[in-house]
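Chemist: Model the following, please.
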Amino acid sequence: MDRILELRARRAGLIDDMDALVASIGDDDDWTDEQSAQFESLKAEDDKVTAELARLEDIERRRAQAAQPPAPLPGSGGTQASGAPTAPATPKEPGLQFARIVRTIAAAGGNHFVAQQIAEANGDTGLFANQNMTNGAAGGFLVPEDVSGEVIELLRPLSVVTAMGPRIVPMPNGNMTTNRRATGANFAYGGEQQDAPATGYTYGQVKLSAKKLSGIIPISNDLLRTASTAVDRMVRDDALADAAQIQDRHFLRGAGTDYAPKGLRYQSTGTPFAATHVLSMTAAPTLQKVDNDLGRMELALANSNLVVTGAHWIMSPRTAMFLTNLRDGNGNKVYPEMANGQLRMKPVQITTEIPDNLGVGGDESEIMLAHPGHILVGEHMGIEVAMSTEAAYKDSAGNMQAAFSRDETLMRMIMQHDIGLRHLAAVAILTGVTWAPGT
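Modeler: Here you go, the predicted structure:
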């Protein structure tokens, strides 16, 4: 197993070297003989490592198939009194198979070959069937594509950004560059044999590169020892809730680094759209000023030839409650549609990842109006999971906890993705928002 991990790491390094060599050569430059020879040498070495890796993986699979399964886990109910295996009911809910795989891998100490034997012994025949459970670089495993796809589909509605329905694009190589619309084309009427106007359609570029989102979820070993659908739901739901919250934090307001996405709030920073699409709340808000500020955001998108009715509002719970409670002079609710998740005929997304403690006084918030049709979310690799019963972690209070002494198993889940805008004008932001219930 150590040799397999070593070869996988070696192959990843060779591919990185090939990528770096290709990137160092400009689009208009010719390859030198030395560069071509270096590239061919890296390819030959990669072919050699790939062949040896395939042989060792084949041996591991054969060894696992020939091994005798261990005794069932305590409390698993994997066999009947007669000794015949009992197959649990196939889960109907999406994501439960992911949780069962995670739980079984944890019980196997992270070794997916042992996990296959445990699954068979517990009556989970076929749990790992036709699944290429390849090891990750840090001792984890890539969740099979069909299983991770289920989890990602469940994650999307929990995240306000992906719940809006942006364009999801795959990034097989971890990077993607595509055109970004900057200005429109020129059209004009003309007569026969008259030249059509030269196109004025120009582009910028949006570049997505996979950013690693990782999280550690402590799971009680008492739960892992219990094979039940209720436990599977807990594992699944904990993983989804934590991942969705952190994803929104960066997709909405991430400042953008080499390792974290640049959120919608800062996509237009440093561009001409920062002046037209990043607006400030009108001071001393009144009912009319609130309505006007919302209209200014809609107008910013409309003036850029975007269909405003397809946009979504994104705001904090405090702002949403203010708009829900807002009444006119006759006591009538100004925006009664807020009770149905709508504002000015557009959906409302509410999240605590839009803070209420911004600004000098610490009492300001923001509102975004975003058109999901122009938002790109690139996804790479699916989901990688690793387990440990010895690692330490910090709890929500910042205190260090040891998994071994607490009889816990730590699950580390990794996903890779990035976010960008095909049209920077697709997001308008209202800053300095002090609207709050009772004001």
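Chemist: When you work out contacts or count neighbours from here on, use the C-alpha atoms and nothing else.
Modeler: Fine.
Chemist: the helices in this protein, which residues?
Modeler: Assigned by DSSP state H, the helices in the chain fall at 2-23, 33-66, 96-107, 112-121, 145-158, 160-163, 221-224, 229-253, 273-277, 287-302, 317-325.
Chemist: With distance to residue 414 added, can I get these in JSON lines?
Modeler: Shown next, in JSON lines, are those (distance: least, Cα to Cα, whole Å):
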{"stretch": "helix 2-23", "distance to residue 414": "18"}
{"stretch": "helix 33-66", "distance to residue 414": "23"}
{"stretch": "helix 96-107", "distance to residue 414": "13"}
{"stretch": "helix 112-121", "distance to residue 414": "17"}
{"stretch": "helix 145-158", "distance to residue 414": "11"}
{"stretch": "helix 160-163", "distance to residue 414": "18"}
{"stretch": "helix 221-224", "distance to residue 414": "20"}
{"stretch": "helix 229-253", "distance to residue 414": "9"}
{"stretch": "helix 273-277", "distance to residue 414": "33"}
{"stretch": "helix 287-302", "distance to residue 414": "35"}
{"stretch": "helix 317-325", "distance to residue 414": "29"}
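Chemist: right, so of the ones you listed, which gets closest to residue 345?
Modeler: helix 287-302 (11.4 Å; Cα to Cα).
Chemist: Can you report how many residues neighbour the closest residue to residue 127 other than its chain neighbours?
Modeler: Nearest non-adjacent residue to residue 127, counting by Cα to Cα, 6 or more residues apart in numbering: residue 119, 6.7 Å away. The local packing of residue 119 (other Cα atoms under 10 Å) involves 25 other residues.
Chemist: Check residue 275 too.
Modeler: By other Cα under 10 Å, 11 other residues sit near residue 275.
Chemist: pLDDT score assigned to it?
Modeler: pLDDT, residue 275: 94.
Chemist: Relative to residue 408, which of the helices of the chain is closest?
Modeler: helix 221-224 (5.1 Å).
Chemist: in the closest one, what's buried?
Modeler: By neighbour count on 16 or more other Cα atoms under 10 Å, the buried set for helix 221-224 is 221, 223, 224.
Chemist: re earlier: my guess is the residue nearest to residue 127 meets residue 106, correct?
Modeler: No. With contact defined as Cα atoms under 8 Å, residue 119 does not reach residue 106; the gap is 11.7 Å.
Chemist: what's across from residue 216 in the sheet?
Modeler: residue 412 (DSSP bridges).
Chemist: That one contacts residue 413, doesn't it?
Modeler: Yes. Taking contacts as Cα under 8 Å, residue 216 lies within contact range of residue 413: 6.6 Å.
Chemist: Quickly note the distance from residue 437 to residue 327.
Modeler: Here residue 437 is placed at a distance of 11 Å from residue 327 (Cα to Cα, to the nearest Å).
Chemist: any common contacting residues for these two?
Modeler: Counting by Cα atoms under 8 Å, 6 or more residues apart in numbering, no residue touches both residue 437 and residue 327.
Chemist: for the buried residues of helix 221-224, which one is nearest residue 396?
Modeler: Nearest to residue 396 among these, with distances taken as Cα to Cα, is residue 221, at 20.0 Å.
Chemist: The closest one: what's its closest spatial neighbour, skipping adjacent residues?
Modeler: residue 408 (5.1 Å).
Chemist: for the record, mean pLDDT for stretch 106-113?
Modeler: 70.
Chemist: Name all residues that make contact with the nearest residue to residue 337 once chain neighbours are set aside.
Modeler: Excluding the flanking residues, the one nearest residue 337 by Cα to Cα, 6+ apart is residue 343, at 6.1 Å. Applying Cα under 8 Å, 6+ apart, one finds that residue 343 lies in contact with 313, 335, 337.
Chemist: how much space between residue 343 and residue 439?
Modeler: Counting by Cα to Cα - residue 343 and residue 439 are separated by 20 Å.
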